[in-house]
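Trainee: Sequence first, predicted model second:
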Amino acid sequence: LAVLLTRQSGFIAAVWPANGILLAAAMMARPREWPFVLGASFAANVVANVANDQPLVVATFLSVCGVAEILAALGLMRVFKLGDWNRLEEPRMLAGFWLSVCVLAPILSAALASAGLHLIAGVSIGAIFSTWWSANALGLALLTPLLLIVFRDGVVASGVALARRGALLSLLLLTLVTAAVFYQSRYPFIFMVFPP
């Protein structure tokens, strides 16, 4: 759906929620289960890309880049010593998560994807890099923490937490900024979603 509805630069979706979901699943799984989680994601990603008219070689390469991003994120989380995802609200943990998962891992996979697609399909490295990085960073930043919190606290407790005034105001701000960013297409303001 992300590819179909928001495809830019011919190959890349403008928002990529799949890796946010995949990272949350990998973080909740035991390391010995990672090959199964990543393998299933790889296969589903290839099928989704082929279903959206990507040549098999491009679909496979994009899927490799997606899995590489998750492996980079998991590795960087070890470097930043972010082993306990249950404490993501702590400032040090959150800062490390943002830097490792939402900035560095997507930069690494964007570099791989843009260089590879330039060689495979002759597309612009700059266009692919910026679209890939922002789409994946946004998907990781929005979905991974949300899914981890819902998994940890449960749907009911997460709903109760959202009912607090501060949480509702934060969610309202994020919703308004996101709506303003995506309502128009004249200016590339996707980066405005990150601060809220």
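Mentor: Received, thanks.
Trainee: Spell out the secondary structure type for Pro195.
Mentor: Taking DSSP: H, G, I helix; E, B strand; the rest coil as the rule, one finds Pro195 in the coil state.
Trainee: ok, so what distance separates it from Phe61?
Mentor: Counting by CB to CB, to the nearest Å, the gap from Pro195 to Phe61 is 33 Å. Quick note: C-beta positions are derived from backbone N, CA and C, even for glycine.
Trainee: So the two - more neighbours on which side?
Mentor: Each of Pro195 and Phe61 has its neighbours counted (other CB atoms under 10 Å); Phe61 has more, 22 against 8.
Trainee: Quick check: phi and psi at the residue nearest to that one when sequence neighbours are not counted.
Mentor: Spatially, and ignoring its direct neighbours in sequence, Phe61 is nearest to Gly116 (5.3 Å; CB to CB, 6 or more residues apart in numbering). Gly116 adopts backbone torsions of phi -70, psi -40, taken as degrees, to the nearest 10.
Trainee: So, low pLDDT: which residues of this protein?
Mentor: Low-confidence segments of the chain, defined by pLDDT under 70: 1-14, 82-86, 155-165.
Trainee: what about the strands in it?
Mentor: Under the criterion DSSP state E, the chain contains strands at 7-8, 12-13.
Trainee: for this protein, what's the longest helix?
Mentor: What stands out as the longest helix in the chain, according to DSSP state H, is helix 125-162.
Trainee: ok now that helix, how far from the chain's centre?
Mentor: 6 Å (CA atoms, centre = their mean, to the nearest Å).
Trainee: So what does Ser124 have for phi and psi?
Mentor: phi -70, psi 130.
Trainee: Ala115 is in contact with that one, correct?
Mentor: No: contact between Ser124 and Ala115 fails when scored by CB atoms under 8 Å: they sit 11.6 Å apart.
Trainee: Next, count neighbours for the residue nearest to Phe61.
Mentor: 19.
Trainee: Please list all residues in contact with Arg87.
Mentor: Residues near Arg87 by CB atoms under 8 Å, 6 or more residues apart in numbering: Met93.
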